[in-house]
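S.K.: Give me a 3D structure for the following:
(2 chains)
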2 protein chains.
Amino acid sequence: MSLLVTGTVAFDAIETPFGKTDKIIGGAATYISLAASYFTKDISLIAVVGDDFPESYIQILKDKGINTDGLQIKPNEKSFFWSGRYFNDMNSRETLITELNVLADFDPIVPEKLSAPEFLMLGNLAPIVQSTLISRLTKRPKLVVMDTMNFWMDIAMDDLKQTLKMVDVLTINDEEARQLSGEYSLMKAAKKINQMGPQFLIIKKGEHGALLFHKNHVFSAPAMLLEDVFDPTGAGDTFAGGFIGWLAKTGDISFENMKRAIVYGSAMASFCVEKFGTENILLVSEAQLNERVRAFQSMSSVEMML
Amino acid sequence: MSLLVTGTVAFDAIETPFGKTDKIIGGAATYISLAASYFTKDISLIAVVGDDFPESYIQILKDKGINTDGLQIKPNEKSFFWSGRYFNDMNSRETLITELNVLADFDPIVPEKLSAPEFLMLGNLAPIVQSTLISRLTKRPKLVVMDTMNFWMDIAMDDLKQTLKMVDVLTINDEEARQLSGEYSLMKAAKKINQMGPQFLIIKKGEHGALLFHKNHVFSAPAMLLEDVFDPTGAGDTFAGGFIGWLAKTGDISFENMKRAIVYGSAMASFCVEKFGTENILLVSEAQLNERVRAFQSMSSVEMML
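M.R.: Now for the predicted structure:
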């Protein structure tokens, strides 16, 4: 089924204890659509870059079958640029540079041919941009998934709450769930967030896995245990891309199928962190993915003899 | 099968955002043996208290079928006393008082009738006391499980490493696993710790569940999601007690059965934190435990259709 993705398409420059990169292709929408492209080929992108963004980077997306007709290229402007450095434990980082550039006044124009997607994935952006895009669709998608972060809770909570009313699934991390709800208990936080709009809540816990909440149901997925985490950049977006990609491929938005989608998202994210940037998720084979999904199952399966 | 438990038997005074207690019954060996007593009645205790320790507290243990012949009562001495205060998030606490008292020169005397247990659980104590107890047994137990903490890594690492050579299963938290191994990756940490002696490693992650490592196998168990955590005191010991209790009940020390033991340990720990001290684990019914184990299974089960 058709999938529309929005979010940043950007330059990233990354430093980790294992090395550093020049300006490589990054951004939430990039990771989301590349991860989703593993599962389905009917993907389109709504995003913006400057004319400094190399055609070869756009070609990486096209090569994966991603429709870039909705990618605006602004003449005489510069692309969004983020640079960060990870500390030794790879769980904390500092932002070195954030240049908004074209992102500062991003107007999410939706080409008519892309205006009725069956699945919509809103990567992290200003909530007002996310809601504007929804309002421009000609048909309500079967499922709208939204990612956001604490930054918007700090400076645009009212916009965020308005956008939350329009979405089905919210993905945030545990600290953000606590901040958004004012509840420390994740059970209580999930109930409050459900009342804000999203029927489904995914709490991303990094190395501790992910939780899916829906009504009285909870699913807890472990994270893959890896010998080495090389670069965590984009892991959350890759998770979201694998999640929505699996749902768009299968067209099944039941709780049971969302559990599977979380395992596929976690598996894709586990490949992402094993190399710099998008390098590894471009290369994943079906055999590798299935092997990792089986490892997930083996990690969390137990027969209780009740 | 017979289970011998050592560790502290103590007074605890606990403050949480929900209230505070006077001096109540506490200590690692208390929580371990009470949790284990749910599963098996052949449990004996090696521990020490002062003559200030009320007979009614010892009766709590006896009422659960725990043999207290190995509980030394030192005349004119005072029992170990710990007092602590939990902060609002219940994940961090400060110690207000630690009075070692009788624990300062605890000599773990093993009555002859208790000297050949099939299962041995070493609750948190000085590693030299733990190894002394092992050396006094007349027969090597079928399984030796050891709990320890960062405190002993800071002040008695050599003793700790000697004791590690004598045990089969080590239970520690994630930060302690990193400290003990010098590795941030838990996969690498587990391999190094396996080389120090224990064939099985359990990493306790609190609200994020627990991991079991053995050779190339990993099992990841979620923690129960609770609306409220009332008092985390003793949760790790209750986990260990449920774990060893299930193994002693079944007599099966395979990896598959240790996975089940971890689920039972997690379930018992989830009851522990719902009330102050040992209050709730004294009351758990079979129906309640089975219901919670089913909730665990439902939380972590997914059919992948591979």
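S.K.: Regarding stretch A:38-48, how distant is the last residue from the first?
M.R.: 23 Å (C-alpha to C-alpha, to the nearest Å).
S.K.: same check, this time on stretch A:216-235
M.R.: Terminal residues of stretch A:216-235 are spaced 28 Å apart (C-alpha to C-alpha).
S.K.: Endpoint to endpoint, stretch A:150-165 covers what distance?
M.R.: 18 Å.
S.K.: Flag every buried residue along it.
M.R.: Neighbour-count burial for stretch A:150-165, with 16 or more other C-beta atoms under 10 Å in any protein chain shown as criterion, is recorded at A:152-153, A:156, A:159-160, A:163-164. Bear in mind the C-beta positions are built from the backbone N, C-alpha and C, glycine included.
S.K.: quick one: which of those residues sit in helices?
M.R.: A:152-153, A:159-160, A:163-164 (DSSP state H).
S.K.: Would you mind listing what in the stretch 201-306 of chain A touches chain B?
M.R.: By the rule C-beta under 8 Å from any C-beta of the partner chain, the part of the stretch 201-306 of chain A lying against chain B is A:205, A:207-209, A:211, A:217-222, A:225-229, A:256, A:259-260, A:263, A:290, A:293-294, A:297, A:299-306.
S.K.: are any of the residues you listed buried, and which?
M.R.: A:205, A:207-209, A:211, A:218-222, A:225-226, A:229, A:259-260, A:263, A:293, A:299-300, A:302.
S.K.: and the residues of the stretch 201-306 of chain A next to chain B, which of them are in helices?
M.R.: Counting by DSSP H, these contribute A:256, A:259-260, A:263, A:290, A:293-294, A:297, A:299-300 to helices.
S.K.: Can I get stretch A:73-91 in CSV, CA atoms only?
M.R.: What follows is stretch A:73-91, C-alpha atoms only, in CSV (Å, rounded to 0.1, in the frame of the first residue of the first chain):
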residue,chain,number,x,y,z
ILE,A,73,15.0,21.8,-4.0
LYS,A,74,15.4,25.5,-3.0
PRO,A,75,17.7,27.5,-5.3
ASN,A,76,20.4,29.5,-3.5
GLU,A,77,19.6,28.0,-0.2
LYS,A,78,21.4,25.5,2.0
SER,A,79,20.2,22.2,3.3
PHE,A,80,19.6,21.4,6.9
PHE,A,81,22.9,20.4,8.6
TRP,A,82,23.4,18.6,11.9
SER,A,83,26.7,17.7,13.5
GLY,A,84,27.1,15.7,16.7
ARG,A,85,29.7,13.8,18.7
TYR,A,86,29.0,10.6,20.7
PHE,A,87,30.7,9.9,24.0
ASN,A,88,32.3,6.6,24.9
ASP,A,89,29.2,4.9,26.1
MET,A,90,27.4,5.8,22.8
ASN,A,91,24.3,6.5,24.9
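S.K.: Could I get the contacting residues of A:A126?
M.R.: A:106, A:152, A:156, A:159 (C-beta atoms under 8 Å, 6 or more residues apart in numbering or on different chains).
S.K.: Just grab the bridge partners of A:T171 for me.
M.R.: A:D147, A:I202 (DSSP bridges).
S.K.: What does the pLDDT read for it?
M.R.: Note on A:T171: pLDDT of 98.
S.K.: Quick one: neighbours of it, just the number.
M.R.: Close neighbours of A:T171, defined as other C-beta atoms under 10 Å in any protein chain shown, add up to 29.
S.K.: hang on, the earlier thing: out of the ones in helices among the buried residues of stretch A:150-165, give me the two with the largest separation.
M.R.: Using C-beta to C-beta, those reach their maximum pairwise distance at A:M153 and A:T163, which is 11.9 Å.
S.K.: what's near enough to touch A:V48?
M.R.: So, once contact is read as C-beta under 8 Å, 6+ apart, A:V48 ends up touching A:9, A:71-74, A:102-103, A:106.
S.K.: Can you tell me the element A:V5 falls in?
M.R.: strand A:3-6 (DSSP states H and E).
S.K.: Can you tell me which of the contacts of A:A126 comes closest to chain B?
M.R.: The shortest approach to chain B among the contacts of A:A126 belongs to A:W152, at 22.9 Å (C-beta to the nearest C-beta).
S.K.: For that closest one, give me its contacts.
M.R.: Per C-beta under 8 Å, 6+ apart, neighbours of A:W152: A:126-127, A:159-160.
S.K.: Using JSON lines, please lay out those residues together with pLDDT and distance to A:L201.
M.R.: Listed next are the contacts of A:W152 as JSON lines, based on pLDDT from 0 to 100; distance: C-beta to C-beta, whole Å:
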{"residue": "A:A126", "pLDDT": "98", "distance to A:L201": "21"}
{"residue": "A:P127", "pLDDT": "98", "distance to A:L201": "16"}
{"residue": "A:D159", "pLDDT": "98", "distance to A:L201": "19"}
{"residue": "A:L160", "pLDDT": "98", "distance to A:L201": "14"}
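S.K.: how about A:A35, what does it touch?
M.R.: By C-beta under 8 Å, 6+ apart, the neighbours of A:A35 are A:237-242, A:245, A:265, A:268-269, A:272, A:281.
S.K.: ok, and the most crowded of those?
M.R.: A:G241 (35 neighbours).
S.K.: Name the nearest residue to that one, sequence neighbours excluded.
M.R.: Once flanking residues are discounted, A:G241 sits nearest to A:A35: 2.8 Å by C-beta to C-beta, 6 or more residues apart in numbering or on different chains.
S.K.: how far does the helix or strand containing the one you found sit from the chain's center?
M.R.: According to DSSP H and E, A:A35 maps onto helix A:28-37. Between the mean C-alpha location of helix A:28-37 and the chain-wide mean there is a distance of 7 Å, by C-alpha atoms, centre = their mean, to the nearest Å.
S.K.: Only alpha carbons, please: show it as PDB.
M.R.: In PDB, the C-alpha atoms belonging to helix A:28-37 read as follows (Å, rounded to 0.1, in the frame of the first residue of the first chain):
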ATOM      1  CA  ALA A  28      14.700  11.600   9.700                       C
ATOM      2  CA  ALA A  29      12.800  11.200   6.400                       C
ATOM      3  CA  THR A  30      15.900   9.700   4.800                       C
ATOM      4  CA  TYR A  31      16.300   7.000   7.400                       C
ATOM      5  CA  ILE A  32      12.600   6.300   7.500                       C
ATOM      6  CA  SER A  33      12.100   6.000   3.800                       C
ATOM      7  CA  LEU A  34      15.300   3.900   3.300                       C
ATOM      8  CA  ALA A  35      14.300   1.500   6.000                       C
ATOM      9  CA  ALA A  36      10.700   1.300   4.800                       C
ATOM     10  CA  SER A  37      11.900   0.700   1.200                       C
END
